[in-house]
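> take this sequence and fold it.
(2 chains)
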Amino acid sequence: AQSVAQPEDQVNVAEGNPLTVKCTYSVSGNPYLFWYVQYPNRGLQFLLKYITGDNLVKGSYGFEAEFNKSQTSFHLKKPSALVSDSALYFCAVRALNTGFQKLVFGTGTRLLVSP
Amino acid sequence: DVKVTQSSRYLVKRTGEKVFLECVQDMDHENMFWYRQDPGLGLRLIYFSYDVKMKEKGDIPEGYSVSREKKERFSLILESASTNQTSMYLCASSNWDRAGVNTEAFFGQGTRLTVV
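Residues are numbered from 1 along each chain as shown, chains lettered A, B, ... in the order given. Modelled structure (predicted):
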């Protein structure tokens, strides 16, 4: 069965510093991997995805993520954090080799960027 | 610009009531989903639909049903609301790509349901 782990409930970082939000996954076969962001009382917004190709994926708002097959990880990164990046971040995975592909989400990581 | 619209942002219902949550998408997407979001549990899939009048159970379908009479609309029904169904409900839609795999999902703004 597919699963996603986000080991940190919260990540704290100062504005201007680099940030990393961790995600590891488990799936049979090749994965589709996604990051979404949720601002307070809002739905989820798509940030970026990995399907195939370059292991470094660039997305919206200056975010990027690195796919590491040997470590089964897909960590979200940004070189310089902004206070406005403070939000809840979800990693999600879908397997490519099953019937109707369900998207499985992690439990979320709250990012708090301090001024 | 893609748009998934949920009919209510906030709802308060009484135990035992029948509750309808409505979702409309304007992207002509084939696939639609209902998730519930609870702290510490992330998003859990309730039901999904890959075509009009088609529905499939997700991971937590008990106590819920769905209806998809038109492509753009996907309704979640709580047959008899209970307090443990107090949650944030999120609707999403996606489409198929050339490989027959559904693309990234686009989400509505969510409905926060409180059952008292």
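
> rest of the way, CA atoms for contacts and neighbours
Fine.

> close to chain B: what parts of chain A are there?
With CA under 8 Å from any CA of the partner chain as the criterion, chain A meets chain B at residues A:34, A:41-46, A:49, A:90, A:96, A:100-101, A:104-108.

> got a pLDDT number for residue 44?
If you meant another chain, say so; for now it's chain A. Predicted confidence (pLDDT) for residue A:44: 92.

> please go with chain B instead
Looking at residue B:44, the pLDDT reads 92.

> which strands and helices sit next to the strand or helix carrying it?
Here residue B:44 sits within strand B:42-49, counting by DSSP states H and E. Here strand B:42-49 touches strand A:104-105, strand B:31-38, strand B:56-57, strand B:64-70, going by 3 or more CA pairs under 8 Å, 6 or more residues apart in numbering or on different chains; DSSP states H and E.

> which parts of the last one are buried?
Applying a neighbour-count criterion of 16 or more other CA atoms under 10 Å in any protein chain shown, one finds B:64, B:65, B:66, B:67, B:68 buried in strand B:64-70.

> correct me if wrong: residue A:7 contacts residue A:20.
No. The pair residue A:7 / residue A:20 is not scored as a contact, 12.0 Å apart, by CA atoms under 8 Å.

> please enumerate the strands of chain A.
Per DSSP state E, chain A carries strands over the ranges A:3-5, A:10-14, A:19-21, A:24-26, A:31-38, A:44-50, A:56-58, A:64-68, A:73-78, A:87-95, A:104-105, A:109-114.

> can you list these in JSON lines and add distance to residue B:81 and mean neighbour count?
Listed next are the strands of chain A as JSON lines, based on distance: least, CA to CA, whole Å; neighbours: other CA atoms under 10 Å in any protein chain shown:
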{"stretch": "strand A:3-5", "distance to residue B:81": "29", "mean neighbour count": "19"}
{"stretch": "strand A:10-14", "distance to residue B:81": "32", "mean neighbour count": "15"}
{"stretch": "strand A:19-21", "distance to residue B:81": "36", "mean neighbour count": "21"}
{"stretch": "strand A:24-26", "distance to residue B:81": "34", "mean neighbour count": "20"}
{"stretch": "strand A:31-38", "distance to residue B:81": "26", "mean neighbour count": "22"}
{"stretch": "strand A:44-50", "distance to residue B:81": "25", "mean neighbour count": "21"}
{"stretch": "strand A:56-58", "distance to residue B:81": "42", "mean neighbour count": "17"}
{"stretch": "strand A:64-68", "distance to residue B:81": "40", "mean neighbour count": "20"}
{"stretch": "strand A:73-78", "distance to residue B:81": "38", "mean neighbour count": "21"}
{"stretch": "strand A:87-95", "distance to residue B:81": "28", "mean neighbour count": "25"}
{"stretch": "strand A:104-105", "distance to residue B:81": "25", "mean neighbour count": "24"}
{"stretch": "strand A:109-114", "distance to residue B:81": "30", "mean neighbour count": "20"}
